[in-house]
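**Student:** Provide a 3D model corresponding to the input given below.
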Amino acid sequence: MFICDFHIHSKFSRATSKDMDIDNLSKWAKIKGVNLLGTGDFTHPLWFIELKNKLKPCEYGIYSNDGIYYMLTAEVSNIYFKLDRTHKIHNILFAPSFEVASEINKTLAEYGNLHVDGRPILNLDCARMVKKLRSISEDIIIVPAHAWTPHFSIFGENSGFDSLEQCFEDETAYIYSIETGLSSDPAMNWRWSKLDKCCLISNSDSHSPRKIAREANVFKEKVGYKELIDIFKTKDNKKFLYTIEFFPEEGKYHWDGHRLCNKRVSPKEARELNNICPVCGRKFTIGVMHRVEELSDREEGFIPQNYIPYKNFVPLCEIIASVFNVGPDTMTVENEYNKLIQIFGNEFKILVEADEKELQKNCNSLIANAILNVRNAKVDVTPGYDGVYGKVNVAAENIGEKQLSFF
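**Tutor:** Numbers count the residues shown, from 1 in each chain. From the prediction side, this is the model:
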C-alpha cells in the first residue's frame, strides 16, 4: 500500500500548530504510516523557502525528506462576485516543480497578498484561475477542496454553486477530481450523476501533525506525479485502491443546525421548520447532507461504474478515548497510543492491516474490540453540525451497524 494525504497546512496558515514544519510532518507521517504528504501552503513565501531547503528532488513532481515523499500543494481561497452573489471557494493546487510553483506564486500575487496567510485570499474567478495556471503548465492540478461544506466550497449552501460548470465554465474539463471533505463520503457523492466523471479524493486538511491522514488515499504502489494525473483522469481503481474516510456524520457540518442555540436537526427536520431555527428565528447553517439531498438525482445506496471504494475509520486516539471515556488529548490516551505504535509500527497497521488475533494479543481487549467495531461499521454516531464535530462511540457492547444518535 502507498498512502497519501495531499491536503495539509503549514505553520504559516492561520489557526495551525507551530509544529507544522517538515521535520515534524515527516516524523508523524511515519507514526501514522503515510508514504506521501502534500506540502500545503507553497504560496507562502517563507514556507516556500523552507520547502526548497528541506526537500530533495526524487523524480518529476516528487520530493523527499527523511524517508517520506512530498508533492508541492497549496490551498487558496477564491472570493469573488459572480451570478449575482459573492462566492467563496477553496481549491487545492498541485505543482510539478518548484519552478512551476514559483510561476504560480507570481501569477496569484496579482490577486492577493501571499504573505498574510498560508491559505491566501484571492480576488480571482475560479475559471480564470484555471485558465491562467494551465498557461503556466498543463501539469498543474486544481481540485475543489471539501466540496460540500457550507462555507468556502464549490457546492456549499452559503457561497457555492449548483454545478461544476457554473463555477469553472469552459475550464470544467480540466477539473478531474474533487475532495469529499470530512462531512461527506463517496457514497453521498455517488448520488449525483454530474460527479461521475470526478475522481473522489479524501485528505486530512490537517492543522496539526497528529491529525494528518485522518482522511487519506490508498494506492496499490508508489505513484508518480504524471501517473497521479492519469489516475485522476481515468479513476483507475486497479491503482487507486480506496480512500480512508471519517464516518461523515462525525464531520462538523454534516447536519443542519445552530451551534449557539445548541440546536442540531436532520435535513428532514430542517425542511419541516423551513430551515429556520425555532430558538432564535434565524436561518440554520445548512449542512452537507441537506445540500447533497438537494442536488442529487439518485437514491441513497447507488453505486456507479468504475468507482473507487472507500473505508470509514476512526483515528486511533479517538478509539482509545472512547474506550476509556476520556478526552483524546489526555495522557491516558497518549500513553496507550505510544505503546501501541511501538508494538505495531504505525497507526494504519493497527487500524487497517492487523488481524483480529494480532489485535487481541497486543491490545487491551476493549481497544481491540473497538477497532473491530469500526472496521465493521458498528458505531454510534451523533452527527456534527454548524462547526461542531460529531461524536462517535465505538466501545459500547450493544452497538448496532452505524447507528445514528439524533439527540
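**Student:** and Leu93, what does it touch?
**Tutor:** Neighbouring residues of Leu93 by Cβ atoms under 8 Å, 6 or more residues apart in numbering: Phe42, Thr43, Thr73, Ala74, Glu75, Val76, Ile104, Leu133, Ile140, Ile141, Ile142. Any C-beta I mention is one placed from the backbone N, CA and C, and that applies to glycine too.
**Student:** please flag which of those residues sit within strands.
**Tutor:** Taking DSSP state E as the definition of strands, the contacts of Leu93 contribute Thr73, Ala74, Glu75, Val76, Ile141, Ile142.
**Student:** state whether Lys268 is indeed within a strand.
**Tutor:** No. Read with DSSP: H, G, I helix; E, B strand; the rest coil, Lys268 is helix and lies in no strand.
**Student:** distance of it relative to Lys391?
**Tutor:** According to Cβ to Cβ, to the nearest Å, Lys268 and Lys391 sit 21 Å apart.
**Student:** of those two, which one has the most company?
**Tutor:** Lys391 (15 against 12; other Cβ atoms under 10 Å).
**Student:** name the SS class of Ile371, please.
**Tutor:** helix.
**Student:** please report how far it lies from Leu37.
**Tutor:** Here the criterion is Cβ to Cβ. By it, Ile371 lies 24 Å from Leu37.
**Student:** so for the two, which sits in the more crowded spot?
**Tutor:** Set side by side, Ile371 and Leu37 show unequal neighbour counts under other Cβ under 10 Å, the larger going to Leu37 at 30 against 25.
**Student:** for the more buried one, list each beta-bridge partner.
**Tutor:** Asp5, Tyr70 (DSSP bridges).
**Student:** pretty sure it sits against Leu25.
**Tutor:** Yes. Counting by Cβ atoms under 8 Å, Leu37 touches Leu25, with 5.9 Å between them.
**Student:** secondary structure class for the nearest residue to Ser296 once chain neighbours are set aside?
**Tutor:** Spatial nearest neighbour of Ser296, chain neighbours left out: Arg191 (3.7 Å); criterion: Cβ to Cβ, 6 or more residues apart in numbering. Local secondary structure at Arg191 is given as coil here, using three-state DSSP.
**Student:** same question for the helix or strand harbouring Ser135, mean pLDDT?
**Tutor:** Following DSSP states H and E, the helix or strand that holds Ser135 is helix 126-136. Averaged over helix 126-136, pLDDT sits at 98.
**Student:** pull out the buried residues from it.
**Tutor:** Buried residues in helix 126-136, defined by neighbour count with 16 or more other Cβ atoms under 10 Å: Cys126, Ala127, Met129, Val130, Lys132, Leu133, Ile136.
**Student:** cool, stretch 221-229 as well?
**Tutor:** Of the residues in stretch 221-229, those with enough neighbours to count as buried (16+ other Cβ under 10 Å) are Val223, Tyr225, Leu228, Ile229.
**Student:** got a pLDDT number for the first one?
**Tutor:** It refers to Val223. Predicted confidence (pLDDT) for Val223: 97.
**Student:** next one: the one 10 residues further on
**Tutor:** Model confidence at Lys233, expressed as pLDDT, equals 97.
**Student:** cool, and Gln403?
**Tutor:** In this prediction, Gln403 carries a pLDDT score of 47.
**Student:** same thing with Asn393?
**Tutor:** Each residue has a pLDDT score; the one for Asn393 is 86.
**Student:** any weak-confidence spans in this protein?
**Tutor:** For the chain, applying pLDDT under 70 flags the ranges 395-407.
**Student:** output the longest helix seen in it as PDB, nothing but the C-alphas.
**Tutor:** Ordering each helix of the chain by length in residues (DSSP state H) puts helix 331-344 first. Coordinates of the C-alpha atoms in helix 331-344 are reproduced here as PDB (Å, rounded to 0.1, in the frame of the first residue of the first chain):
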ATOM      1  CA  MET A 331      -2.100  11.500  29.000                       C
ATOM      2  CA  THR A 332      -4.100   8.300  29.300                       C
ATOM      3  CA  VAL A 333      -4.700   8.300  25.500                       C
ATOM      4  CA  GLU A 334      -1.200   9.400  24.700                       C
ATOM      5  CA  ASN A 335       0.400   6.700  26.800                       C
ATOM      6  CA  GLU A 336      -1.700   4.000  25.300                       C
ATOM      7  CA  TYR A 337      -1.300   5.300  21.800                       C
ATOM      8  CA  ASN A 338       2.500   5.400  22.100                       C
ATOM      9  CA  LYS A 339       2.600   1.900  23.500                       C
ATOM     10  CA  LEU A 340       0.500   0.500  20.500                       C
ATOM     11  CA  ILE A 341       2.700   2.400  18.000                       C
ATOM     12  CA  GLN A 342       5.800   0.800  19.500                       C
ATOM     13  CA  ILE A 343       4.200  -2.600  19.200                       C
ATOM     14  CA  PHE A 344       2.700  -2.400  15.700                       C
END
